[in-house]
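Enquirer: Okay, sequence plus prediction incoming.
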There are 2 protein chains.
Amino acid sequence: MKKVTIRDVARLAGCSIATVSRVLNQSGPSSLENKKRVLEAAETLNFEFNEVGRSLQRQSSKTLAVIIPTISNPVFADAVEGIQASAAESGYRILLGFANYDSEQELKSLETLMAHQIDGVVLTVSDVENSLAIERLEQDSVPYCLIFNQSRNPDSPAVCIDNALAAQNVGERLIKLGHKDIAFLAVQMTSSDRSRQRYSGLCEATRLSGIAKPDLVEVNYEPDNLEDSLSRLFIKRPDVSAIFASNDMLALASVRALRSLGKKIPEEVSIVGFDGIALTSLVHPTIATVFTPNREMGRRATALVIDAIKNNRKVTHQSVMLPFEFRSGQSLTFNQTNVPMHRLSPEHRPSSSLQMKSSQTKRADK
Amino acid sequence: MKKVTIRDVARLAGCSIATVSRVLNQSGPSSLENKKRVLEAAETLNFEFNEVGRSLQRQSSKTLAVIIPTISNPVFADAVEGIQASAAESGYRILLGFANYDSEQELKSLETLMAHQIDGVVLTVSDVENSLAIERLEQDSVPYCLIFNQSRNPDSPAVCIDNALAAQNVGERLIKLGHKDIAFLAVQMTSSDRSRQRYSGLCEATRLSGIAKPDLVEVNYEPDNLEDSLSRLFIKRPDVSAIFASNDMLALASVRALRSLGKKIPEEVSIVGFDGIALTSLVHPTIATVFTPNREMGRRATALVIDAIKNNRKVTHQSVMLPFEFRSGQSLTFNQTNVPMHRLSPEHRPSSSLQMKSSQTKRADK
DNA sequence: AAATCAAATGGAAACGTTTCCACGATTTGG
DNA sequence: CCAAATCGTGGAAACGTTTCCATTTGATTT
């Protein structure tokens, strides 16, 4: 079946293609007579604009590129949903690229997407301080906005939460519950700035209370590897009573691994995750975690990018810090040998969901 | 920064744009001298083809549309990863659309994507028997392939598993373990053909063994709703000892809901899911499920579509049935009041992972 | 040395659209 | 009632490619 073009519509309506374009786009004057005929012709022919022709002429495609590490972590899936929703509202489409926590792949993804005349980019990079993709975006003055990444330096525009602060809060919370030996569990430590920021936040908390520096356990997603690593951890530091996982998926997996090692959760070991994916409250035990507004991050970043596109400029270089929230869960309790439950005030009961809003939230509206 | 075009390269290399195109695409003869100069010029200018111009001329975009209900169910995320990987191998990109289990949205998504000159489509529809999107694809002769959907009728091309058969197998397995009253838990029953197929497979199993027809419990993803529904179920049928959830996410959520209702898993109630998402083996209890090759489905469907594109025809109208596999888990055990554990042979221990390959697998190569 | 042939090359059209510009027709103001 | 302004309209260029076709060049055969 042959594609119907603007030319076919013009022929049927008995006018020029210029007129058809003006009528259908409402981009210029036209007589009522012509308007009616064009609309009718388009209807009967079932005409749809060819976006490729349009993009070529306009030098813009009404398409946003989205680059994330992977889609199998629900954190990113959530963000993508937010991005997609927000983009759709403004008539934009999204083109997705997966970069697998790899800076080279981020660049490569970006380049192929840029060849498609994309108008803007929403992305998460592995390391914001050292990103080929960001360099390229700056160089070409493409409107973009980071999500999840927190930019320090001359700073790229980003919508994020304060990872270090959140992690520090988690640390303080654990310490208050009596934990004196905490381990930090990370995937992608070398390739994820967020893992590092979270670790340093936790370290700050231990430093301030004068307890031992958290042990850093690096793992990958292989289940066996996780169990081995944890087993080694407990040989090295038998007194570890709390594990802070750099993300929820890892926290979830740790439950299983710790159980295999014969540890009781939370009686012997507490677990806290990060990201607040829905699953954490669906499983048993429910996982204590830092809830971050993932959908909202996507939504906000997208709005900023689209706004920049419309005003024909880059996204203003300022980070938007969103509030986070600690969510307790069954995976977390006091280190019972140190702090008997009945001595604690009710607000510290792990079953109640404690709220903790980021105090450093900058206002989004500048 | 101005975009560099093939014209710039031609100017620098001192030849025509036709020659540049031929060299860079290796699509025609060229002298070594010119080849060298063009390559060099492209290199120094950092030239990249503008895919929009290319698509317009070629009348094809090297892009596949992918339409799925949602990305927040890992089943689809997995499939997308497979599609993306397979597409990338052949130099194709993917454009993603979410349709939220809604036939109208499927069509709308498809239409916007088709306006982008996509070359083919991989999709999952809510109901294959009654799909506007499929109608449209057939009408416009666009190469496409379904995944997850199982087509009965004149049959659209699809890569899937035999849902009814798998569900029947689960039913038989449950019955063999002594369960006499089974409930089927479904989301999207009205809008998902797969839920219906799975339910009917289960019914077939109960029918064959002469036990009561499974109770059908329809829920949505709201946690409260799930708990309420299950609570009503047990009032109505107190003897239900096994719950078969139409997908793993639901099975996961049921664990939590059942615990809240004071049910012990699996001592009082067994749970089986469907889809085999990674999470099922990460949580406690591990969830018994039907493992389906989600990534592989995406990969295969994509390969079929790309093959069809290359040969300038539609995908051959024949379903590819992939094998599935039952994976036992801690959520599943015998109905202890009926079948004491020690009476069972070792192979029936729920901890061992039983394998069950689909016997009806059709060969892919026709 | 003339004739034949193959290889290399560039001009130009085409893909589907938007938009600038110019032109004729109509309306407005003096 | 004429000049000026306004409106509606269509022709044509442009966006960046690929590819057909004709032409030029150089090599090979008679």
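Expert: Nice, I can see it. Predicted model, so just to flag it, every value in this text is computed and none were measured.
Enquirer: can you give me the strands for chain A?
Expert: With strands called from DSSP state E, chain A shows them at A:63-68, A:93-98, A:120-123, A:144-147, A:158-160, A:182-187, A:215-219, A:242-245, A:270-272, A:289-291, A:320-321, A:325-327.
Enquirer: In JSON lines: those, plus mean neighbour count, distance to residue A:194 and mean pLDDT.
Expert: From N, CA and C alone the C-beta is placed, and that goes for glycine too. Putting those into JSON lines (neighbours: other CB atoms under 10 Å in any protein chain shown; distance: least, CB to CB, whole Å; pLDDT from 0 to 100) gives the following:
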{"stretch": "strand A:63-68", "mean neighbour count": "26", "distance to residue A:194": "13", "mean pLDDT": "96"}
{"stretch": "strand A:93-98", "mean neighbour count": "22", "distance to residue A:194": "17", "mean pLDDT": "91"}
{"stretch": "strand A:120-123", "mean neighbour count": "28", "distance to residue A:194": "14", "mean pLDDT": "97"}
{"stretch": "strand A:144-147", "mean neighbour count": "29", "distance to residue A:194": "11", "mean pLDDT": "97"}
{"stretch": "strand A:158-160", "mean neighbour count": "26", "distance to residue A:194": "9", "mean pLDDT": "96"}
{"stretch": "strand A:182-187", "mean neighbour count": "24", "distance to residue A:194": "10", "mean pLDDT": "94"}
{"stretch": "strand A:215-219", "mean neighbour count": "18", "distance to residue A:194": "14", "mean pLDDT": "92"}
{"stretch": "strand A:242-245", "mean neighbour count": "29", "distance to residue A:194": "12", "mean pLDDT": "96"}
{"stretch": "strand A:270-272", "mean neighbour count": "27", "distance to residue A:194": "15", "mean pLDDT": "96"}
{"stretch": "strand A:289-291", "mean neighbour count": "25", "distance to residue A:194": "11", "mean pLDDT": "97"}
{"stretch": "strand A:320-321", "mean neighbour count": "20", "distance to residue A:194": "14", "mean pLDDT": "93"}
{"stretch": "strand A:325-327", "mean neighbour count": "20", "distance to residue A:194": "17", "mean pLDDT": "95"}
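Enquirer: Out of the ones you listed, the one nearest residue B:130 is which?
Expert: With CB to CB as the criterion, residue B:130 lies closest to strand A:93-98 of the strands of chain A, at 26.6 Å.
Enquirer: And for that closest one, what's in contact with it?
Expert: If you take CB atoms under 8 Å, 6 or more residues apart in numbering or on different chains as the criterion, strand A:93-98 is touched by A:62-71, A:80, A:83-84, A:87, A:105, A:109-110, A:112-113, A:116, A:118, B:81, B:84, B:93-96, B:112, B:116.
Enquirer: got the CA positions of it in PDB?
Expert: Once non-C-alpha atoms are left out, strand A:93-98 reads as follows in PDB (Å, rounded to 0.1, in the frame of the first residue of the first chain):
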ATOM      1  CA  ARG A  93       8.700  11.000  21.500                       C
ATOM      2  CA  ILE A  94      11.600   9.200  23.100                       C
ATOM      3  CA  LEU A  95      14.400   7.200  21.600                       C
ATOM      4  CA  LEU A  96      16.000   4.900  24.100                       C
ATOM      5  CA  GLY A  97      19.600   3.800  24.400                       C
ATOM      6  CA  PHE A  98      21.200   1.400  26.900                       C
END
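Enquirer: can you give me the angle that strand makes with strand B:93-98?
Expert: Going by axes from the mean of the first three to the mean of the last three CA atoms, to 10 degrees, strand A:93-98 is angled at 120 degrees with respect to strand B:93-98.
Enquirer: Strand A:93-98 vs strand A:63-68, what angle?
Expert: 20 degrees.
Enquirer: ok, back up a step: I'd like the strands of chain A as TSV, with distance to DNA strand D appended.
Expert: TSV is the format used below for the strands of chain A (distance: least, CB to the nearest atom of the strand, whole Å):
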stretch	distance to DNA strand D
strand A:63-68	16
strand A:93-98	18
strand A:120-123	18
strand A:144-147	21
strand A:158-160	30
strand A:182-187	39
strand A:215-219	44
strand A:242-245	46
strand A:270-272	51
strand A:289-291	45
strand A:320-321	33
strand A:325-327	47
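Enquirer: can you list the weak-confidence ranges in the stretch 251-366 of chain A?
Expert: Scanning the stretch 251-366 of chain A for pLDDT under 70 picks out A:334-366.
Enquirer: what about the helices in chain A?
Expert: Taking DSSP state H, the helices of chain A run over residues A:6-13, A:17-25, A:32-45, A:51-58, A:74-89, A:103-114, A:132-139, A:163-176, A:193-209, A:223-236, A:248-260, A:294-310.
Enquirer: and those helices as JSON lines, adding distance to DNA strand D and mean neighbour count?
Expert: As requested, the helices of chain A are exported to JSON lines (distance: least, CB to the nearest atom of the strand, whole Å; neighbours: other CB atoms under 10 Å in any protein chain shown):
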{"stretch": "helix A:6-13", "distance to DNA strand D": "8", "mean neighbour count": "18"}
{"stretch": "helix A:17-25", "distance to DNA strand D": "4", "mean neighbour count": "18"}
{"stretch": "helix A:32-45", "distance to DNA strand D": "4", "mean neighbour count": "15"}
{"stretch": "helix A:51-58", "distance to DNA strand D": "3", "mean neighbour count": "19"}
{"stretch": "helix A:74-89", "distance to DNA strand D": "24", "mean neighbour count": "22"}
{"stretch": "helix A:103-114", "distance to DNA strand D": "12", "mean neighbour count": "20"}
{"stretch": "helix A:132-139", "distance to DNA strand D": "17", "mean neighbour count": "18"}
{"stretch": "helix A:163-176", "distance to DNA strand D": "40", "mean neighbour count": "22"}
{"stretch": "helix A:193-209", "distance to DNA strand D": "34", "mean neighbour count": "20"}
{"stretch": "helix A:223-236", "distance to DNA strand D": "45", "mean neighbour count": "15"}
{"stretch": "helix A:248-260", "distance to DNA strand D": "41", "mean neighbour count": "23"}
{"stretch": "helix A:294-310", "distance to DNA strand D": "18", "mean neighbour count": "23"}
